[in-house]
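Undergrad: build the 3D model from these lines:
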Amino acid sequence: MKNNAISLPDSSTRTARPTVLIVDDSRLMRVAIKKILKDEFELIEAVDGEDAWGRLMEDPAIACIFSDLSMPNLDGYGLLARVRGSDDAHVRALPFIVITGKEGDLGGLLEEVRGHGATDLVGKPFKSDEIIARTRSLLAVDTTPAVVMAAVAETPEAPEARPVEEAPVVDQAAAAEACRIREEQEAARQAEEALALREAAEAEAHRQKEEAEAQRIREEQEAARLAEEERCRQVEEAARLQAAEAEARRQREEDEARRIREEQEAARRAEAAARQAAEQAEQERLAAEVAARQAEEEARICEELRTKARLMAEERERQRLAEQQALRLNPLQGLLVRLALPFMSLANRLLRMGKDEALEKLRKRLR
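TA: Got it, this is the predicted structure:
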């Protein structure tokens, strides 16, 4: 009898693995789920509902969706509504598992998400066995280790020569080997899961540290910017005050210069007024002197005119008397008197002409 041998199928003999889409804005959660499912499924990540919808449109091989509810851009409810309302029957029928970190009554939340069209609900923090079991159940994946027994080739009479009780022993050994392999795989998976969670935690801590450092740098930059703005404001305020002081000083100087100019102008005007008054007084004095001289001249002329008038009156009186006497004279004397009368009239006219010239001269002087 030949020795029996137990062989396990190589990984290259596995069929194509289903593709699972993991949608969560937390990198830590995505890494944790990937560590749990990476041995049995092909995994695709998305950071929010919009990213997940794009990947669904690009990859028709996606067979299941794990999605968080609270995400930016498009949340879990929005993504679920798009999936269930899709025109593509394959997309519309995809299993949709909601991942939530809410505490409290998960049964009520399960009913709520199922009312929106979700397939199942998993709460955070989730267990590896639960995630794997839900995924296997939804995708109907048979993951029982396939232990193939390869018996040694025997002669045709080998079955009659082999003891009847040997088959159960081989089955028990295969079952024990399969159990040991499962335990080793589970231990390795748990170790990988713990390592992944630790790495994810470290990465998250590093990211938070980097974010804290970036926040500190931003705060320092903001403080520096505010300090610079305050310094610039103070400089501008000082410049404004200096400009205001310079403007006030310039205004005072202009006011002083204007006051001096006004005083000089007032003094000039006063001097001009005084000079004009002096000139006017001098002119008035000269006019008074001229008027006095004119008055004297007029008085003299008037006196002359009165004298001439008296003389003319006396001459007329003499002519009258002469005429009267001529009337008493003989005819010859009367003739002589009548001949002399024209000459006397001419003399009177000459006297009157002299009076008119004197009056004209007086008028000219008065002008």
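Undergrad: what is the three-state secondary structure of Ile22?
TA: Of the three states, Ile22 takes strand under DSSP: H, G, I helix; E, B strand; the rest coil.
Undergrad: just list whatever residues bridge to it.
TA: Glu45, Phe66 (DSSP bridges).
Undergrad: please report how far it lies from Glu45.
TA: To Glu45, Ile22 is 5 Å away according to CB to CB, to the nearest Å. All C-beta spots, glycine's among them, are computed from the backbone N, C-alpha and C.
Undergrad: also Leu241?
TA: Distance of Leu241 to Glu45, given as CB to CB: 61 Å.
Undergrad: compare neighbour counts for those two and give me the winner.
TA: Glu45 (16 against 10; other CB atoms under 10 Å).
Undergrad: tally of neighbours for Arg96?
TA: Let me fix one detail, which is that residue 96 is Phe and not Arg. 24.
Undergrad: what does it show for phi and psi?
TA: phi -120, psi 110 (degrees, to the nearest 10).
Undergrad: determine the set of other helices and strands touching the lengthiest helix in the chain.
TA: Across the chain, the helix with the greatest residue count (assigned by DSSP state H) is helix 166-328. Contacts defined by 3 or more CB pairs under 8 Å, 6 or more residues apart in numbering; DSSP states H and E place helix 166-328 against strand 5-7, helix 27-37, helix 128-139, helix 331-366.
Undergrad: picking that back up, so what sits against both of Ile22 and Glu45?
TA: Both Ile22 and Glu45 are in contact with Arg30, Lys34, where contact means CB atoms under 8 Å, 6 or more residues apart in numbering.
Undergrad: so what pLDDT did the residue positioned nearest the centre of the chain get?
TA: Centroid-nearest residue in the chain: Glu229, 16.3 Å away (criterion: CA atoms, centre = their mean). For Glu229, the model assigns a pLDDT of 89.
Undergrad: now Ile131
TA: pLDDT, read off for Ile131, is 86.
Undergrad: do the same with Gly117
TA: Looking at Gly117, its pLDDT is 92.
Undergrad: quick check, it in contact with Leu80.
TA: Yes - applying CB atoms under 8 Å as the test, Gly117 and Leu80 come out as touching, 5.6 Å apart.
Undergrad: more crowded one of the two?
TA: Leu80 (21 against 14).
Undergrad: I figured that one hits Phe96, correct?
TA: Yes - between Leu80 and Phe96 there is a contact under CB under 8 Å: 5.7 Å.
Undergrad: can you list residues touching both of those two?
TA: With CB under 8 Å, 6+ apart as the test, Leu80 and Phe96 both reach Ser67, Gly117, Ala118.
Undergrad: let's have those in a markdown table, adding distance to Ala214.
TA: Below are the shared contacts of Leu80 and Phe96 laid out as a markdown table (distance: CB to CB, whole Å):
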| residue | distance to Ala214 |
| --- | --- |
| Ser67 | 29 |
| Gly117 | 39 |
| Ala118 | 36 |
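Undergrad: now, which of those sits nearest Ala205?
TA: Ala205 lies nearest to Ser67 out of those, by CB to CB, at 25.4 Å.
Undergrad: just give the nearest non-adjacent residue to that closest one, would you?
TA: Spatial nearest neighbour of Ser67, excluding adjacent residues (CB to CB, 6 or more residues apart in numbering): Val23 at 4.0 Å.
Undergrad: I'd assumed Gly76 was in contact with that neighbour.
TA: Yes - under the criterion of CB under 8 Å, Val23 makes contact with Gly76 at 7.4 Å.
Undergrad: which residues do these two both contact?
TA: Gly49, Ser67, Asp68.
Undergrad: hmm, which of those residues are the buried ones?
TA: Gly49, Ser67, Asp68 (16 or more other CB atoms under 10 Å).
Undergrad: you'd agree Lys102 is in a helix?
TA: No - counting by three-state DSSP, Lys102 is not part of a helix but coil.
Undergrad: so what's it scoring on pLDDT?
TA: Confidence score, pLDDT, at Lys102: 74.
Undergrad: ok, it to Gly76 distance?
TA: 12 Å.
Undergrad: which of these two has more residues huddled nearby?
TA: Counted by other CB under 10 Å, Lys102 and Gly76 do not tie: Gly76 has more neighbours, with 25 against 12.
Undergrad: how about that one, what does it touch?
TA: Residues in contact with Gly76 (CB under 8 Å, 6+ apart) are Val23, Gly49, Ser67, Asp68, Leu69, Ser70, Val98.
Undergrad: among these, which two are most distant?
TA: Spatially, the most separated pair among those is Gly49 and Val98, at 12.4 Å (CB to CB).
Undergrad: buried residues in whichever strand or helix holds Leu79?
TA: Counting by DSSP states H and E, the element that carries Leu79 is helix 76-84. Residues Gly76, Tyr77, Gly78, Leu79, Leu80, Arg82, Val83 are the ones in helix 76-84 that count as buried (16+ other CB under 10 Å).
Undergrad: would you turn the residues you listed into TSV with distance to Leu56?
TA: Below are these laid out as TSV (distance: CB to CB, whole Å):
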residue	distance to Leu56
Gly76	14
Tyr77	16
Gly78	13
Leu79	9
Leu80	12
Arg82	8
Val83	7
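Undergrad: for Gly85, which non-adjacent residue is closest in space?
TA: Arg92 (7.5 Å).
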